[in-house]
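Undergrad: let me see the structure of the following:
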Amino acid sequence: MLDFESELKKILNDDPLGILKLRVSQTITIDQRLIDSFQEINRFIDENKREPEESIDITERKLFSRLKELRKDFNKASILKDLDRHNLLAKVKEHKTVDDILENDVLGLLDNDQEDIFNLKNIPKNRANTDFVARRKPCKNFKDYENNFKQIQKEINNGKRKLIKFKEHQLKEDRYYILDGILLYLEKIEEKNIKNFEGKTGDKRNDPRTRCIFENGLESNMYLRSLGKELYNNGSSVIQSNEEVLKEFNESFSDPYHKNDINSQDKATGYIYILSSLSKKSEIKSINDLYKIGFCTTSVEERIKNAPNETTFLMADVKIISTYKVYNYPSKKFESIIHSFFSERCLDVKIADNKGNYKMPKEWYIVPINAIEEAIQLIINNQHQSYKFDHLQNKIIKC
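TA: Numbering: from 1, shown residues only. Okay, the predicted model is just below:
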């Protein structure tokens, strides 16, 4: 008679792959998640020999934001002390005094211009709970935005869109931003909401509610000024598509003070143009990423109509890549800035005119078109001083 118990033991003992062994899953603790996230930062530094920076790379930017937040939290820094082989958290302080708390007020919640924070005389008796921090909650119709978020992330990754340092004038509806490493969409700015501030000047400011959608499926109705403060402290603007850039270029150069509209009193001062050469000469035709960046007071079409007879156009027809109309702004200054930006990649060639005289054409640069457009956007946002074109890496980098 078959001994079932004996046969079962044989089956259980003959299990070389351990398929029949009972495995008990271990719950990942909060401390373990904290350690794992910090080890990611350590690995990045091991591989790159530097701390993560506020880069256009989303992964690196998330690590930068994570490290920045850890440096504000003494308790977390204490847990990670033994793992901090790069001394990243050595200067994190424990907040024991009021001065420590004020110094660590990263959101500016305790800085309300010149108001006396201890003067409570104007606070209504039945005031509701403070709402300077709007709670994020699940977005019920997130599926309406999900594909757009994926598209924006794709365009950031392939270089079609860039991340630049946030400035207050960039805060507009239907625009995307990065906050603490998370992509957000500013869908709507509500109607005006004028607030009184108790400063000596009796200042009044517009601070409406917003509707912000985050790529992690949450939404918030934080005040516009609160959103601006958070983006300024730890955020970036997502540069728009080329069509949007052209529109913003014209708006930004309508005057030096960033007024929004071009009116009858504004004066057009000229055009910035980007051209490529249609030369048949092999020594010109073989050069990749060759573009002329120039300025003219007439229309660009008028300026280039005699291109085959001018050495400045390499004695050949040209193709218009982009044009920008400039208002109330010294266009020569803009031209000078962008030429200085790409000075190390200036074309060095002599061209003979129709009489056989050799001349050195100016304003031709061997630079990728996306770098030229990125430089224009940095100049638009008055941020070009913090960047430079690295001719070895063939891209724009932070100084």
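Undergrad: contacting residues around Leu70?
TA: Going by C-beta atoms under 8 Å, 6 or more residues apart in numbering, Leu70 touches 38, 76-77, 80, 88-89, 92. C-beta: built from backbone N, CA, C; applies to glycine.
Undergrad: let's see it at 7 Å
TA: 38, 76-77, 89 (C-beta atoms under 7 Å, 6 or more residues apart in numbering).
Undergrad: ranking the residues you listed by neighbours, who comes first?
TA: Phe38 (22 neighbours; other C-beta atoms under 10 Å).
Undergrad: wait, a helix at that one?
TA: Yes. According to DSSP: H, G, I helix; E, B strand; the rest coil, Phe38 belongs to a helix.
Undergrad: against Leu63, how distant is it?
TA: 10 Å (C-beta to C-beta, to the nearest Å).
Undergrad: sort out for me which of the contacts of Leu70 are in helices.
TA: Among these, the ones falling in helices (DSSP state H) are 38, 76-77.
Undergrad: which residue comes closest to Glu54 once chain neighbours are left out?
TA: Spatial nearest neighbour of Glu54, excluding adjacent residues (C-beta to C-beta, 6 or more residues apart in numbering): Phe64 at 5.4 Å.
Undergrad: quick one: buried residues of the helix or strand the one you found falls within?
TA: Phe64 belongs to helix 58-70 when assigned by DSSP states H and E. Within helix 58-70, the residues that count as buried by 16 or more other C-beta atoms under 10 Å are 58, 60-68, 70.
Undergrad: dump those to JSON lines, plus pLDDT.
TA: Output for the buried residues of helix 58-70, formatted as JSON lines (pLDDT from 0 to 100):
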{"residue": "Ile58", "pLDDT": "79"}
{"residue": "Glu60", "pLDDT": "86"}
{"residue": "Arg61", "pLDDT": "85"}
{"residue": "Lys62", "pLDDT": "86"}
{"residue": "Leu63", "pLDDT": "89"}
{"residue": "Phe64", "pLDDT": "89"}
{"residue": "Ser65", "pLDDT": "87"}
{"residue": "Arg66", "pLDDT": "88"}
{"residue": "Leu67", "pLDDT": "90"}
{"residue": "Lys68", "pLDDT": "89"}
{"residue": "Leu70", "pLDDT": "88"}
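Undergrad: just list whatever residues bridge to the most centrally placed residue in the chain.
TA: Central residue of the chain (C-alpha atoms, centre = their mean): Leu163, 2.1 Å from the mean position. Per DSSP bridges, the residues bridged to Leu163 are Val238.
Undergrad: pLDDT score assigned to it?
TA: Looking at Leu163, its pLDDT reads 82.
Undergrad: okay, it and Gln377: tell me how far apart.
TA: From Leu163 to Gln377 the distance is 11 Å (C-beta to C-beta).
Undergrad: for burial, what's the neighbour tally of Lys93?
TA: As a burial measure, Lys93 scores 13 neighbours (other C-beta under 10 Å).
Undergrad: sorry, wrong one. I was asking about Arg85.
TA: When counting by other C-beta under 10 Å, one arrives at 9 neighbours for Arg85.
Undergrad: wait, a helix at it?
TA: No. Counting by three-state DSSP, Arg85 falls outside a helix, being coil.
Undergrad: and the gap between it and Lys68?
TA: Applying C-beta to C-beta to Arg85 and Lys68 gives a distance of 19 Å.
Undergrad: same question for Gln383.
TA: 20 Å.
Undergrad: again with Lys49
TA: Taking C-beta to C-beta, one finds Lys49 at 20 Å from Lys68.
Undergrad: how about His384?
TA: In terms of C-beta to C-beta, His384 sits 25 Å off from Lys68.
Undergrad: and what of Asn382?
TA: Applying C-beta to C-beta to Asn382 and Lys68 gives a distance of 24 Å.
Undergrad: with Gly270 instead?
TA: For Gly270, the distance to Lys68 - C-beta to C-beta - is 43 Å.
Undergrad: try Leu392
TA: Taking C-beta to C-beta, one finds Leu392 at 29 Å from Lys68.
Undergrad: got it, and Phe295?
TA: 41 Å.
Undergrad: which residues touch Tyr177?
TA: 166, 184, 186, 231, 235-238.
Undergrad: need the three-state assignment for it.
TA: From three-state DSSP, the assignment for Tyr177 is strand.
Undergrad: same thing with Pro52?
TA: From three-state DSSP, the assignment for Pro52 is coil.
Undergrad: adding pLDDT, distance to Tyr291 and neighbour count, write the contacts of Tyr177 out as CSV.
TA: As requested, the contacts of Tyr177 are exported to CSV (pLDDT from 0 to 100; distance: C-beta to C-beta, whole Å; neighbours: other C-beta atoms under 10 Å):
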residue, pLDDT, distance to Tyr291, neighbour count
Phe166, 83, 29, 22
Leu184, 93, 34, 25
Leu186, 93, 34, 19
Leu231, 89, 33, 23
Gly235, 87, 32, 22
Ser236, 87, 27, 22
Ser237, 87, 26, 21
Val238, 88, 25, 22
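Undergrad: now distance to Gln153 and secondary structure too, for those, in a markdown table please.
TA: Formatted as a markdown table, the contacts of Tyr177 follow (distance: C-beta to C-beta, whole Å; DSSP: H, G, I helix; E, B strand; the rest coil):
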| residue | distance to Gln153 | secondary structure |
| --- | --- | --- |
| Phe166 | 18 | coil |
| Leu184 | 12 | strand |
| Leu186 | 16 | strand |
| Leu231 | 18 | helix |
| Gly235 | 16 | strand |
| Ser236 | 14 | strand |
| Ser237 | 15 | strand |
| Val238 | 10 | strand |
